[in-house]
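**Student:** kindly return the folded structure for what I paste below:
(one chain, ligands or ions: 1)
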Amino acid sequence: MVYTDTRDASVKTDFKTAVVNGMNEKTGGLYIPTSFPKLDASFTNRTTDPSFRDIAFEMAKPYVAGEIPDNDLAAIIQDAYPFPAKTVAVDSHSYVLELFHGPTCAFKDFGARFMARAMSYFNRGEDSALHILVATSGDTGSAVGSAFHNVPGLDVTILYPEGKVSKLQEKQLSTFDGNVRALKVKGTFDDCQKLVKTAFTDAELRAKLRLSSANSINISRLLPQSFYYMYSSLVVRNASWRNNKIEKPAIIAVVPSGNFGNLTSGLIAREMGAPITGFVAATNTNRTIPDWIATGTYEARASVETYANAMDVGAPSNYERIKAMYTLEQVRALFASYWLDNDGILASIKDCFDRTGYTIDPHGAVGWKAWSDIRNGGFEKLKNGEKGDYTKPGLTPNLPVWYQEVLNKNALGIILETAHPAKFSETVANAINRTPVVPDRLERVLQLEDRAIPMENSYSQFKEWLLANL
Ligand SMILES: *Cc1c(COP(=O)(O)O)cnc(C)c1O
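**Tutor:** Model prediction:
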């Protein structure tokens, strides 16, 4: 596969370069494949449910062709995904895609585990470790730490702002041993990010240590997230024949979004032939993308804190990839968009529980409410000429081409449940007066010893520590 750059289409590079560099430092652009080959019809036409790993392997193949042979790719997929992506029916027209069955109970495990194994693969034969530096405000750090833990040839240093992540997040970040460690920085997330960025531009440091990053802009995190869209849309289409008595459903992926990496992966799956008709881009109060769809003007802004805090992003990095793939008109045809404030998030968790018995987390709740509003007259109002106010929570005044499918009750929603509700116990308990059951793997991490290393917000101290300890 040839990869290019969102800012310069004359750039041509391979998968290894895209993975190891993360982004193109010369242009500041993001790597993107030059084509999205269709998955073989023997997968997309079959009426029995596929296996997740088979789909994953077939979808990954063209993106690593000539760089990772089939048997090595199969081993990477096998090792990365010992857990399922579960699709659960919650009512006659709605499914929840549970992406929290991985080790850290959030969807980022899917991308991070593939990235870790791809990086390790490309580092074979080097005689020194590749050092990954990652700044986190909470969830990314644990997914990356867990994904790279004990992966050969790689070494991870996580920086997080002391006192600014939840107790559970801190445990998930700071209890690794061996090749993964965490520094608790006396500062903010932005300070952590700045320390990491300064290290990357420090020529003296880079001459001594091989450094790389593991953030969400890396293409090796996006590609594997497309696997579960393909898998789940096929499962839902098959189930629809059996259970919903809808022969040709319009499948809509409802995606709670922050940086829009997850949604971009959905676009890739659709390009590759997943039976997905459209998307709902659902955000919390950080409504940069819904505003763009409403007004046509993209305006990055500072992020605002919400209950769905893994989506607190004011300048979504994958806007750049979406723009490289589609025009604004195409986006408006393909996407409904929606945003929800904190009160709405609590009300949605309760509404989902009361109506279906399903306990949804604050991120998934944004998707649940978007889908409910769409099914309960949201599109009728827009169709009848009601203008809608994009500065108020709710559906963005934009009718995607598939709206009639919803009016005809021919549309099935897949709501992506991006985290386990027990990771946000307090918010969930506030909404429904009961505490979600904590999975064993989260319970266990709470018992582990905290190993975080204290660090001043000082580049010279950070650098000294890196040189002394890596
Ligand atoms: C990271 C994250 C999101 C946002 O995903 P993007 O790819 O950044 O849009 C949503 N929910 C949870 C739980 C997350 O951890």
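**Student:** all helices in the stretch 1-150 of the chain, in order from the N-terminus.
**Tutor:** Taking DSSP state H, counting those that start in this stretch to define them, one finds helices in the stretch 1-150 of the chain at 15-21, 41-44, 52-64, 70-80, 108-122, 139-148.
**Student:** ok, Y307 touching I345?
**Tutor:** Yes - in terms of C-beta atoms under 8 Å, Y307 counts as a neighbour of I345; the distance is 4.9 Å. C-beta here means a position set from N, CA and C on the backbone, and glycine is covered the same way.
**Student:** quick check: neighbours shared by those two?
**Tutor:** By C-beta atoms under 8 Å, 6 or more residues apart in numbering, Y307 and I345 have these common neighbours: 284, 362, 427.
**Student:** out of these, which are buried?
**Tutor:** Among the shared contacts of Y307 and I345, those that count as buried by neighbour count (16 or more other C-beta atoms under 10 Å) are 284, 362, 427.
**Student:** out of those residues, which sit inside helices?
**Tutor:** The helices in this structure, assigned by DSSP state H, contain 362, 427 from the buried ones among the shared contacts of Y307 and I345.
**Student:** what residues does stretch 265-278 touch?
**Tutor:** In this structure, residues lying in contact with stretch 265-278 by C-beta under 8 Å, 6+ apart are 36-39, 41, 44, 59, 111, 222-227, 229-230, 233-234, 237, 250-253, 255, 279, 322, 325-326, 334-336, 400-402, 405, 411.
**Student:** let's see that with 6 Å instead.
**Tutor:** Outside stretch 265-278, the residues that touch it by C-beta atoms under 6 Å, 6 or more residues apart in numbering are 36, 38-39, 44, 222, 225-226, 229-230, 233, 237, 250-253, 279, 334, 400, 402.
**Student:** now that stretch: average pLDDT?
**Tutor:** Stretch 265-278 comes out with an average pLDDT of 98.
**Student:** now swap in stretch 348-358 and tell me
**Tutor:** Taken as a whole, stretch 348-358 carries a mean pLDDT of 98.
**Student:** same thing with stretch 305-315?
**Tutor:** 92.
**Student:** that older thread, most tightly packed of the helices of the stretch 1-150 of the chain?
**Tutor:** helix 139-148 (a mean of 28; mean count of other C-beta atoms under 10 Å).
**Student:** which residues are contacting that helix?
**Tutor:** In contact with helix 139-148 (C-beta under 6 Å, 6+ apart) are residues 103-104, 106, 108-109, 112-113, 116, 134, 154, 156, 158, 160, 172-173, 176, 180, 214, 310.
**Student:** so which of those residues reach the ligand?
**Tutor:** 106, 108, 310 (C-beta under 6 Å from any ligand atom).
**Student:** packing partners for the helix or strand bottoming out on mean pLDDT in the chain?
**Tutor:** Using mean pLDDT, DSSP states H and E, the weakest-scoring helix or strand in the chain turns out to be strand 23-24, at a mean of 86. The helices and strands touching strand 23-24, judged by 3 or more C-beta pairs under 6 Å, 6 or more residues apart in numbering; DSSP states H and E, number zero.
**Student:** which residues sit against that strand?
**Tutor:** Residues contacting strand 23-24 (C-beta under 6 Å, 6+ apart): 5, 30, 217.
**Student:** how distant is that strand from the center of its chain?
**Tutor:** 19 Å (C-alpha atoms, centre = their mean, to the nearest Å).
**Student:** what residues does I345 make contact with?
**Tutor:** With C-beta under 6 Å, 6+ apart, I345 has these contacts: 307-308, 362, 365.
**Student:** so which of these wins on neighbours?
**Tutor:** A365 (33 neighbours; other C-beta atoms under 10 Å).
**Student:** and that residue, which of the three is it?
**Tutor:** Three-state assignment for A365 (DSSP: H, G, I helix; E, B strand; the rest coil): helix.
**Student:** residue contacts, it?
**Tutor:** Counted by C-beta under 6 Å, 6+ apart, A365 has contacts 345, 348-349.
**Student:** which among those gets closest to L130?
**Tutor:** I345 (38.9 Å; C-beta to C-beta).
**Student:** quick one: the host helix or strand of the closest one to chain centroid distance?
**Tutor:** In the assignment (DSSP states H and E), I345 maps to helix 342-356. Helix 342-356 has its C-alpha centroid displaced from the chain centroid by 22 Å (C-alpha atoms, centre = their mean).
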